[in-house]
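J.: okay, structure incoming, though there's no sequence with it:
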């Protein structure tokens, strides 16, 4: 995943998990292509409007 823009909502891809996070500040610490990971271990994906 490229840098995730401020205000983006991410949701867990694991069925039944339902976790969501909102990016409050862009992070430039990880290389492009690295996904945010839910506590359950599944990648977080942007929520479609």
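T.: Nice, I can see it. Remember, predicted model here, so these are calculated numbers, not experimental data.

J.: low-confidence ranges, this structure, go.
T.: For the chain, the stretches with pLDDT under 70 are 1-2, 30-32.

J.: ok, what's across the strand from residue 10?
T.: Beta-bridge pairing of residue 10 under DSSP bridges involves residue 21, residue 46.

J.: so it makes contact with residue 35?
T.: No - under the criterion of CB atoms under 8 Å, residue 10 makes no contact with residue 35, lying 9.0 Å away. The way it works is simple: take the backbone N, C-alpha and C, and place the C-beta from them, glycine included.

J.: and for those two, which residues touch both?
T.: 44, 45 (CB atoms under 8 Å, 6 or more residues apart in numbering).

J.: now do the strands in the protein.
T.: Using DSSP state E, the strands found in the chain span residues 9-12, 20-22, 44-46.

J.: before we move on, the earlier item: of residue 10 and residue 35, who's got more company?
T.: residue 10 (20 against 14; other CB atoms under 10 Å).

J.: now that one: how far from residue 3?
T.: Taking CB to CB, to the nearest Å as the measure, residue 10 falls 13 Å from residue 3.

J.: residue farthest from the centroid of the chain?
T.: residue 16 (16.4 Å; CA atoms, centre = their mean).
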